[in-house]
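Trainee: Got a sequence here, can you build the structure:
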Amino acid sequence: MMVALFMKTSDIRRVNDKQLALSTLGALPDTASLHDIREELEILESIKEGQQAAREGRTKTQEEVEQLFGSWNSK
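Mentor: Just a heads-up that it's a prediction; the model follows:
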């Protein structure tokens with residue numbers, strides 16, 4: 001995952017989406033495929049969505065997550 005190589009997640013929300021996409025494209029090697037590019041942009045989008053959810057309080061505690069995964073495991 002290239003995202004972690006050039007930008008901290010705290011920096012992601014400080015730039016607009018176009019700047020973020022351009023930075024991402026610039027950090028990828030010249031040999032990056034369209035699949036690689038799409039994957040990087042999807043990762044960035046997920047990070048931004050997660051940050052927004054956290055700011056809005058839409059998060060779960062560690063215990064809630066463990067219970068959720070435990071219920072998936074038992075089915």
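Trainee: Tell me how many other residues surround residue 17.
Mentor: By other Cβ atoms under 10 Å, 12 other residues sit near residue 17. All C-beta spots, glycine's among them, are computed from the backbone N, C-alpha and C.
Trainee: Next, work out how far apart it and residue 34 are.
Mentor: 19 Å (Cβ to Cβ, to the nearest Å).
Trainee: Can you give me the pLDDT of residue 24?
Mentor: Per-residue pLDDT puts residue 24 at 86.
Trainee: and it, what element?
Mentor: Following DSSP states H and E, one finds residue 24 within helix 17-27.
Trainee: which other helices and strands contact that helix?
Mentor: Using 3 or more Cβ pairs under 8 Å, 6 or more residues apart in numbering; DSSP states H and E, the elements in contact with helix 17-27 are helix 3-6, helix 34-55.
Trainee: Just the buried positions in the last one, please.
Mentor: Looking back up the chat, that one is helix 34-55. 40, 41, 44, 47 (16 or more other Cβ atoms under 10 Å).
Trainee: by contact count, what packs against it?
Mentor: Packing partners of helix 34-55 (3+ Cβ pairs under 8 Å, 6+ apart): helix 3-6, helix 9-12, helix 17-27.
Trainee: following that helix, which helix or strand shows up next?
Mentor: On the C-terminal side of helix 34-55, the closest following helix or strand by DSSP H and E is helix 62-73.
Trainee: Which elements pack onto that next one?
Mentor: In terms of contacts (3+ Cβ pairs under 8 Å, 6+ apart), helix 62-73 is not packed against any helix or strand.
Trainee: Check the offset of it from the chain's centre.
Mentor: How far helix 62-73 lies from its chain's middle: 22 Å, per Cα atoms, centre = their mean, to the nearest Å.
Trainee: Thanks a lot, catch you later.
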